[in-house]
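3D, please:
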Amino acid sequence: MGLGDMMGKAAGLMGGAGGDFDLGAKMEELGIDPSMLENLDVEGVKAMIEEKGFDLSMLDGLGIDLDEMIAKFKGEA
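A predicted model of the protein is given here:
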């Protein structure tokens, strides 16, 4: 996947047009259910996701608000 595709997918996650990244689907693919994250703070969620092999630094490098992404996944946004 090229950088343009990644940026489009990230933009879609944050409500932009043209993106098709589905954080929920990716988390399910990694074996993470939203209920597993309920009692964790944002840093705990990030650590769990990274332990499962998802590199959050790419999204952070694109200027994506990871806290907002996590809140959306947990159903808090």
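
in contact with Ser57, which residues?
Neighbour list for Ser57: empty [criterion: Cβ atoms under 8 Å, 6 or more residues apart in numbering]. (Each C-beta comes from the backbone N, C-alpha and C, glycine too.)

I misspoke; the intended subject was Leu30.
Here Leu30 is in contact with 49, 52-54 (criterion: Cβ under 8 Å, 6+ apart).

out of those, which one sits closest to Lys72?
Ile49 (13.4 Å; Cβ to Cβ).

report the buried residues of whichever helix or strand the closest one is part of.
Taking DSSP states H and E as the definition, one finds Ile49 inside helix 42-51. Within helix 42-51, the residues that count as buried by 16 or more other Cβ atoms under 10 Å are 45-46, 48-49.

what's the average pLDDT for the following helix or strand past that helix?
Sequence order places helix 57-61 as the next helix or strand after helix 42-51, per DSSP H and E. For helix 57-61, mean pLDDT rounds to 76.
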